[in-house]
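In: Quick one, structure for this:
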Amino acid sequence: MDAEVESIIGTALRGELTEDQAKRLAHFGPEVTSLALLAVAKRIRELADSNTQQADRIVQLELKLKGGGPVDPATPSGQRAIYTKPPARKRKGKPGAKPGHKGTRRPKPDRIDRREEHRLRRCPDCGGPLRRCNRKRVRYVEDIPAEIQTEVVEHTIHRDYCPKCSKHVEPVVPDALPNAAIGHRLVTMTAWLHYGLGVTIDQILDIVGYHLHTRLSAGGLVAMWCRLAVILEPWYEQIAEGARGSVVLHADETGWRVNGRTYWLWCFANPDLCYYMIDRSRGSPALEKFFIEAFDGVLVTDFWAAYNAVCADERQCCLAHLLRELDKVDQHDDSAEWQAFAKKLRRLVRDGIRLRKRDDFEPEKYESRIRRIDQRLMALALAEYDDADAKRLAKRLTKYCDSLFTFLDRPAVPYDNNLAERMIRPAVILRKNSQSNRSERGAATQAVLMSVCRTLKLRSRDPLKVIPDALRTYLSTGTLPALPCKAVADG
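Out: Below you'll find the model as predicted:
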């Protein structure tokens, strides 16, 4: 009987109970019937709770998508739903330059490759004959040719015998790397498209194939990029030396993947250069590989503790990160103590930024105000708090009290780390498009060519001209020329 009762109750819990089974259960007496009803009631309650939780999650998701739920301030703008973003501020006045402002237009081309004349034979409206006049106007149109093809050059290399050396010798072909079938300009252009602009390899093959009518393979292209990175290694080291010798250096890091394993892409930049390094570590071991000795300049970073290993004194922590952290805590902590703490900290940070933005700002001139800001910071950090978030942020203020307002003592130092974030953004876009690297060699090539392309851009240099010229010099002399310095405004 027990086995039969258990079978009927199990059937009822699955929602498959038949009328005959229900009548059979009633014959076993009220105790068995009560036991079955209690089991069914418990199952119904479990299902109801599960459905309620699922409905709550759906409601929260809908509220978040419609802008009614909390949005993490650290979430990038591209990952937010368009309707969760605040409306754009209305423009004051009409767009464009003010009345009387000197107009700007595209400059006249330096050369004319081809001239065409256009004249009507009859009136386009009535079809009647026209009386010729001397009036005319000139219009310049810049376009690419209809058929663009790569230039194929046949190099006849004469090999002669040297009696003194007892061997055959031949001249070096400076227009391509040894045993390469594609020239410097094509290799440089494809490398710049991939590592400089983030274009995928498949897209590059389409561009070269359809636009230049040249067939390339993905493997051959990657192999040429690896050879190019090996040759440009001295430039990579020169960029690293320049970064280590910077007066102000920005640093940031982001996740990376190499052959399916988690690595980290480090970025060190200033307005004149950008150095990328891909390493397995996110901590001090990676920083010690880059900073061979103690850094003498000011390092601008976020609050990642690994940077303390190389720069404990002269450092500026990004205040934008701190303000963003306050906004994030506001979404879940509405206690009176936290609100008072956040209000004081926001006012303190904004007072420091406002002081730095004064047109007549000089550290010596506003020394008393700077000292007062430091005193307010210490008072806020050393106070006692019961709120967990206020206590956590106060501990951070105590730890980094000497690194929050460095920009007031050193006017050349910014109060945020926006430069490093802007420099690391192209790498993040490339990571999204190309899924990082599949080998250590590919990661090394990635770091070298991204650093060279980004540095040349910061220095207003054309990579499609600078790199091929450097390769020709390298093949002719065996030495790579120095990395070009920043171009002046007048050229």
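
In: where does the residue nearest the centre of the chain land on pLDDT?
Out: Closest residue to the average C-alpha location of the chain: residue 425 at 1.5 Å, with Cα atoms, centre = their mean. The model reports residue 425 with a pLDDT of 93.

In: Now whichever strand or helix holds it - C-alpha only, CSV.
Out: Secondary-structure assignment from DSSP states H and E places residue 425 in helix 418-434. Only the C-alpha atoms of helix 418-434 are listed here, as CSV (Å, rounded to 0.1, in the frame of the first residue of the first chain):
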residue,chain,number,x,y,z
ASN,A,418,41.2,60.8,-19.2
LEU,A,419,44.3,60.7,-21.4
ALA,A,420,45.1,57.0,-20.5
GLU,A,421,41.4,56.1,-21.0
ARG,A,422,41.3,57.7,-24.4
MET,A,423,44.5,55.9,-25.4
ILE,A,424,43.3,52.6,-24.2
ARG,A,425,39.9,52.9,-25.9
PRO,A,426,41.2,52.1,-29.5
ALA,A,427,42.7,48.9,-28.1
VAL,A,428,39.4,48.0,-26.5
ILE,A,429,37.6,48.5,-29.8
LEU,A,430,40.2,46.3,-31.5
ARG,A,431,39.7,43.7,-28.8
LYS,A,432,36.0,43.7,-29.5
ASN,A,433,36.5,43.4,-33.3
SER,A,434,39.4,40.9,-33.4
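
In: So in the chain, where's the weakest helix or strand by average pLDDT?
Out: Ranked by mean pLDDT, DSSP states H and E, the weakest helix or strand in the chain is helix 30-65, scoring a mean of 74.

In: Following the chain onward from that helix, which element is next?
Out: Past helix 30-65, the next helix or strand by DSSP H and E is strand 160-162.

In: Given that following strand, what are its sheet partners and their directions?
Out: Note on strand 160-162: by DSSP bridges, its sheet partners are strand 167-169 (antiparallel).

In: residues in contact with the strand it pairs with?
Out: For strand 167-169, the external contacting residues (Cβ atoms under 8 Å, 6 or more residues apart in numbering) are 159-162. The C-beta positions use only the backbone N, C-alpha and C, and glycine is treated the same way.

In: Using neighbour counts, give me the buried entries of those.
Out: For those, a burial check counting by 16 or more other Cβ atoms under 10 Å picks out nothing.

In: Just give me the closest of the residues you listed to residue 97.
Out: Within those, distances to residue 97 taken as Cβ to Cβ reach their minimum at residue 159, with 65.3 Å.

In: List the residues that contact that closest one.
Out: Residue 159 makes contact with 168-170, according to Cβ under 8 Å, 6+ apart.

In: If we use 6 Å, what do you get?
Out: 168, 170 (Cβ atoms under 6 Å, 6 or more residues apart in numbering).

In: same deal with residue 235?
Out: Residues touching residue 235, when contacts are defined by Cβ under 6 Å, 6+ apart, comprise 452, 483.

In: can you map out the helices along the stretch 151-300 of the chain?
Out: Taking DSSP state H, counting those that start in this stretch as the criterion, the stretch 151-300 of the chain contains helices spanning 184-191, 201-206, 218-231, 233-244, 284-290.

In: Now do the buried residues in whichever helix or strand comes after the helix holding residue 425.
Out: Using DSSP H and E, the next helix or strand after helix 418-434 towards the C-terminus is helix 440-458. The neighbour-count criterion (16+ other Cβ under 10 Å) identifies 442-458 as the buried residues of helix 440-458.

In: Show me what helix 440-458 is packed up against.
Out: Packed against helix 440-458, as judged by 3 or more Cβ pairs under 6 Å, 6 or more residues apart in numbering; DSSP states H and E, are the following elements: helix 218-231, helix 233-244, strand 273-279.

In: ok, 7 Å please
Out: helix 218-231, helix 233-244, strand 273-279, helix 463-477 (3 or more Cβ pairs under 7 Å, 6 or more residues apart in numbering; DSSP states H and E).

In: what's the most buried one of these?
Out: Ranked by average neighbour count under the criterion mean count of other Cβ atoms under 10 Å, these are headed by strand 273-279 at a mean of 24.

In: Before I go, just wanted to say thanks for your time.
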